[in-house]
Every structure is written in structure tokens, then in C-alpha cells.
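S.K.: sequence-free structure coming up:
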DNA sequence: CGCAATCTTGAGAATGCTCAAAAGTGGTGG
DNA sequence: CCACCACTTTTGAGCATTCTCAAGATTGCG
């Protein structure tokens, strides 16, 4: 495997302290306790994961995917295209994230799911899960539901981010969010994390031009809040970053299990 | 009841052609067929509806609401406040819309639910619904799920709207969306609909300043796409509006029942 | 080494913002 | 019925932020 095909993951951060487990299990484990059987089932389905290069479509716009899509390594996203060629990313799919696909809709996803970096992703057939693991009192069911609700909260937070924050604040907020999310699956150190996106991807995420993102990044570097070089983001001053972005991680709900 | 307390609803449009039914039943009916029992159950719970003035909080930020919130008349919204006092609306709750509240989360809503105009709203206790009506093959269950997924698609569409459209396009897109959503519950005519929001509300929705919203509205009027006067929006050129906004109603999923 | 993609820089222009004041609107009470 | 009040809409002017276009520098890969 050449370097360009390498998939972001445990590579740089090394085996993570929380246990070298599957990112999906690790993430869902934040939302509810999973039984050994449930974990085995997930592992089994993840074994079928495929590798995708960067810029690959996992699900095309309007297509009806055949199961739950799980990203295990790399950064993917959901995005929509406008007629003039502009695009907008509406969500990141990080390792452990899934793109559930409720059959109640009977078809059609309204945005495309694409990789931003090389990825490893699996599809879990929905019926199999329903048959074997989902029941009213299943931890897996609870975890999946929580995961979905969290995705929705995140989306809402993105509306706020794009709708009423300045360029620098938007980027700072995104970095904070990514740090928390990646930490939850053992892919971030306190000091930073691998960040495979281009400035253009970033621009399309926060609703700015890439030139302006570049200048905003320079501002963040000048203030010594971050360093961003060769696909690695170093967080130099977490508190200042949180402060600048008015970041409150509550919406990510990684506060360990539903505390009620 | 004085005019200022009057609640938007069937008032101006008169009894609607689709039947003078409850907005909730009407909306959910687009997503799945509801049995007579299910309809009766919903009607029963809606009978407890309370009236709220404009600018009232239905659920405060961080609060844990005690059931599913249903708006029956008027415009409400979900919104978040920033430290500097700025706010961002993340969703409109129109008649028939609901703010489901999954107990899996065990508490805390991350934004506040407030009325934008005088409203009538009810709360449906979740357990009652579960006990009496929700089952794997219940139409109501399907409808509620669809409704939730539609809300999520709408949110995604808002990210796109705010993230990569110009001021005029954003407003046009919002008007198109509102027209389709209100039509679905019988609150819009082909020519337009009652629109109780201020230009400031609009601004906070699409991420612009109110002054700029005012000027963008003037542009839309100048081009004879709309008229907006005394809380009523008249659509003068629907096709041009749709064209300008690149509006595609598919995400609202009012295409009649899950067509598979 | 050379190519392609990405990042950086500059300069001018457009879009949208802020502040402030004036004009319009509708409801309330005298 | 009128006057007043609060709120909303409209207008103007200057400014800040962000965008576009275009060129040059850097990076990493083949």
C-alpha cells in the first residue's frame, strides 16, 4: 500500500489508550452499553469493510442505499451540489459515524455521501440488524438512536455556526467539534489530530471561500491557537479556541451514557 | 378574543379544501395512512392544547420537556442564543409540526422552542402514545418516523441555504419551503399565505442582518416575484421564485405516502 | 525532475453589516 | 375619534467582511 492510499486512522496517533477497538463499537459505546453479542455482531459486519480512495462516492445523490453505512477509517461527508457547481458539506462522517438509512422513507437520500480522504467503510444490512439485535431493550438500539439524535444536534449546531459566526469563529468551532469527536474514538491526542482535508473542503463546510479560509487560518496561527501543517492539526491553546468559538460540547453527548 | 390574541390558522384562508381537520392529523396523513383509532387518539390529546402569545417560550434551552410538543396554530421555532445576544433560528414549527423528544437522550434539549406568533400548542405524553398506539406496524409510528426524518432533511437543506446561497436566494428558498409546508396542512392558497414573522425573524432565520433582509425583500418585490404586506405573503411568480432559489421540494417528502 | 494539486499572496470589487434616523403600523387608552 | 406608544419597516451613508480573479510559491507524488 503506497502512502497515497494509506487510510487515516491509528497511523500517527498510535494505538489509542482507550483500547484498540473498532471505531464503531467505540463510538456507540459512549451512548449505551453494548453486550458482547452485540459487539460481536457489529465486528462481524465491519469485517466486510471496503477501502475507498479519496473523492469517491459512497452513495450518490438520490440513490437508495442498501443498508447502514459505517465509516471505520478516514473522513467522509454528506454534501449537496448546486447547479452552478458550488457544493455544501452538511455533515462529516468520521470513523465510527454512520449514515443510517431509515427504510420508512422508501428510497432516496437527498445528498451524496463521498469520501474526503481515503476511507474504509462497511455496510450493515438493516434487516440483519433488526432480526438479530434490535429490540425494545437492546443497548444497540438505544445507541443507534442516540447516535442519530446526536447527528441531528450536530446539524443544528452547524446551522448556528454558519448562520451567525464570523469566519474565524466558524473554523475554530469546527476544530473544537472535530477534536471532541475524534477523541471519542481514540483518534485525537490532547495536542491535536490528523486532519486530511484541504482548505477547500473546509471552505465548503463552513460556507466561506477557500481564499478566505486560508486567511482565517493564518489569523488562528498568528494568535497561536493552532498549527496546521502537512495534514496534522496541532491545538496550541484549547481554552482560547473554545472561548473564541463559544464551543459547548454538550450537543455531542459524549458525556458517557444517558445520565437521565 | 382581540385581534392581537388571534392565532393564525384557518382565519384568512377560510376553511381549507382538503377538509377542516386538525393540522397534525393532516400533516401526518401525508406520511402514512392513519387508522380512525389513531386519529381519534391524536385528536384527544390535541384537545388539551393551550394558547400562547407571541414570543413565549414553549421549552427553554436545556430543559427536558415532558412529551411530544405539537404546534396546532401559529408559527413557532427552535432557536439558540449566543453570548453576544445574537440568535439563530434552526427550525420553524408550523401547524402540524412536532418537536419530538426522544427519551433515549435522558434530558436536555439544546435549543429553546419559542413562539414567533401567537400559537396553539399541545403536549402529547410519550408513554401514552407508546402504550396505546405505537407498534411495529402502526401507521402512526411510521408517520412519526417519517416526520422526524423530514425535519432532519429540512435542517440539512437549511445548512445548504445559509451556507452557499446569496441573500435573495436564501429568502426565496425559505418562501418556497414555507409555501409547500403550509399547503400541506391547508394553510396556503396558490397565491400565497399568512406570514406573521417580522423581518428580523427572517434575518435570524437565514443568517443575515435585518436591514439587508429588508433590501433583499425590496429586490424580490421589484422583480415582481412576491408581495409582502400586512403579514401576508403573496406569491406573484412561483416559477421564477423556484427557479431563483433552485428549490426542489423532494426533501419535504409530501409526495404522498412512502412510494417505495 | 516534473507534474498536479494545494496553499499563499495581492488587488480590486461585491456583498452584507452597523449605526442612526425617519416613516409607517397597529393597538391602547383617554 | 384621536393621540400616543411601541414596534416594525424603510432609507442613507460609511465601513467591514468576504469574494473573485489571477498569479506565484510550495508540496508531495510518480
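M.R.: That came in fine, so what should we check first? Since the structure is predicted, the reported quantities are computational estimates derived from the model, not experimental observations. Residues are numbered from 1 along each chain as shown, chains lettered A, B, ... in the order given.

S.K.: Kindly list the longest helix within chain A.
M.R.: helix A:139-164 (DSSP state H).

S.K.: Would the very next helix or strand once past that helix count as contacting DNA strand D?
M.R.: As assigned by DSSP states H and E, the chain's next helix or strand after helix A:139-164 is helix A:167-184. Yes. Residues of helix A:167-184 contacting DNA strand D under CB under 7 Å from any atom of the strand: A:167, A:168. (Each C-beta comes from the backbone N, C-alpha and C, glycine too.)

S.K.: Who are the packing partners of helix A:167-184?
M.R.: Other helices and strands packing on helix A:167-184, by 3 or more CB pairs under 8 Å, 6 or more residues apart in numbering or on different chains; DSSP states H and E, are helix A:23-31, helix A:139-164, strand A:188-189, strand A:192-194, helix A:199-206, helix A:210-222, strand A:232-235, helix A:238-245.

S.K.: what's the average pLDDT for the first one?
M.R.: Spelled out, that is helix A:23-31. Computed over helix A:23-31, the mean pLDDT rounds to 95.

S.K.: now it, how far from the chain's geometric center?
M.R.: The chain centroid and the centroid of helix A:23-31 are separated by 13 Å, computed with CA atoms, centre = their mean, to the nearest Å.

S.K.: How about residues contacting it?
M.R.: Identification of contacts with helix A:23-31 by CB atoms under 8 Å, 6 or more residues apart in numbering or on different chains yields A:18-19, A:34, A:39, A:42-43, A:46, A:70-73, A:95-98, A:140, A:142-144, A:146-147, A:150, A:184-187, A:253-254, A:256-258.

S.K.: Put the buried members of those residues into a ChimeraX selection.
M.R.: In ChimeraX, this line selects whichever of the contacts of helix A:23-31 come out buried by 16 or more other CB atoms under 10 Å in any protein chain shown:
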select /A:34,39,42,46,70,71,72,73,95,96,97,98,140,142,143,144,146,147,150,184,185,186,187,253,254,257,258
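
S.K.: Just the closest residue of the stretch 151-260 of chain A to DNA strand D, please.
M.R.: Residue nearest to DNA strand D within the stretch 151-260 of chain A: residue A:212 (3.1 Å; CB to the nearest atom of the strand).

S.K.: can you pull the contacts of that residue?
M.R.: Counting by CB under 8 Å, 6+ apart, residue A:212 touches A:167, A:203.

S.K.: ok, it to DNA strand C distance?
M.R.: As judged by CB to the nearest atom of the strand, to the nearest Å, residue A:212 and DNA strand C stand 9 Å apart.

S.K.: measure that residue to residue A:219 for me?
M.R.: Counting by CB to CB, to the nearest Å, the separation of residue A:212 from residue A:219 is 10 Å.

S.K.: what does residue A:132 give?
M.R.: 51 Å.

S.K.: Please pull out the lowest mean pLDDT helix or strand from chain A.
M.R.: helix A:10-13 (a mean of 40; mean pLDDT, DSSP states H and E).

S.K.: hang on, isn't residue A:99 packed against residue A:77?
M.R.: No. With contact defined as CB atoms under 8 Å, residue A:99 does not count as touching residue A:77 (10.1 Å).

S.K.: Contacts only, for the residue nearest the centre of chain A.
M.R.: The centre of chain A sits closest to residue A:94, judged by CA atoms, centre = their mean, with a distance of 2.7 Å. Shown in contact with residue A:94 (CB under 8 Å, 6+ apart): A:71, A:75, A:178, A:181, A:182, A:185, A:187.

S.K.: and with 10 Å instead?
M.R.: Going by CB atoms under 10 Å, 6 or more residues apart in numbering or on different chains, residue A:94 touches A:8, A:23, A:27, A:71, A:73-77, A:178, A:181-182, A:184-185, A:187.

S.K.: what does residue A:92 give?
M.R.: Shown here is residue A:92, whose contacts under the criterion CB under 10 Å, 6+ apart are A:71, A:75-78, A:116, A:154, A:158, A:174, A:177-178, A:181, A:197, A:201, A:205.

S.K.: Which residues are in contact with residue A:114?
M.R.: Contacts of residue A:114 by CB under 10 Å, 6+ apart are A:52, A:54-61, A:76-79, A:87, A:89, A:93.

S.K.: Flag every residue of the stretch 51-200 of chain A that's near DNA strand D.
M.R.: With CB under 7 Å from any atom of the strand as the criterion, the stretch 51-200 of chain A meets DNA strand D at residues A:166, A:167, A:168.

S.K.: Could you list the low-pLDDT ranges of the stretch 51-200 of chain A?
M.R.: For the stretch 51-200 of chain A, the stretches flagged by pLDDT under 70 are A:61-65, A:103-108, A:134, A:136.

S.K.: For it, which residues are neighbours of DNA strand C?
M.R.: A:198, A:199, A:200.

S.K.: and if we set it to 10 Å?
M.R.: Neighbours of DNA strand C within the stretch 51-200 of chain A, by CB under 10 Å from any atom of the strand: A:54-55, A:116-117, A:163-164, A:166, A:195-200.

S.K.: Provide a list of residues in contact with the nearest residue to residue A:35 once chain neighbours are set aside.
M.R.: Excluding its sequence neighbours, the residue lying closest to residue A:35 (CB to CB, 6 or more residues apart in numbering or on different chains) is residue A:139, at 6.1 Å. Neighbour list for residue A:139: A:28, A:29, A:31, A:32, A:33, A:34, A:35, A:38, A:39, A:133, A:257 [criterion: CB under 10 Å, 6+ apart].

S.K.: please redo it, this time with the cut-off set to 6 Å
M.R.: For residue A:139, the contacting residues are A:32, A:33, A:34, by CB atoms under 6 Å, 6 or more residues apart in numbering or on different chains.

S.K.: quick one: which of those residues is nearest residue A:110?
M.R.: Nearest to residue A:110 among the contacts of residue A:139 is residue A:32, at 28.5 Å by CB to CB.

S.K.: Just to check, that closest one is in contact with residue A:142?
M.R.: Yes. Counting by CB atoms under 6 Å, residue A:142 is a contact partner of residue A:32 at 4.1 Å.

S.K.: Regarding residue A:80, what is its secondary structure?
M.R.: Three-state assignment for residue A:80 (DSSP: H, G, I helix; E, B strand; the rest coil): strand.

S.K.: partners of it in the sheet?
M.R.: The partner list for residue A:80 in beta bridges (DSSP bridges) reads residue A:88.

S.K.: re the thing from before, the longest helix of chain A versus helix B:139-164: what angle between them?
M.R.: Helix A:139-164 runs at 30 degrees relative to helix B:139-164, counting by axes from the mean of the first three to the mean of the last three CA atoms, to 10 degrees.

S.K.: residues from the stretch 51-200 of chain A in reach of chain B?
M.R.: The interface of the stretch 51-200 of chain A toward chain B, taken as CB under 6 Å from any CB of the partner chain, is made up of A:80, A:83, A:86, A:88, A:90, A:102, A:104-106, A:110, A:142, A:145-146, A:149, A:152-153, A:155-156, A:158-160, A:162-164.

S.K.: Just the buried residues of these.
M.R.: Among those, those scoring as buried are A:80, A:88, A:90, A:104-105, A:110, A:142, A:145-146, A:149, A:152-153, A:155-156, A:158-160, A:162-164 (criterion: 16+ other CB under 10 Å).
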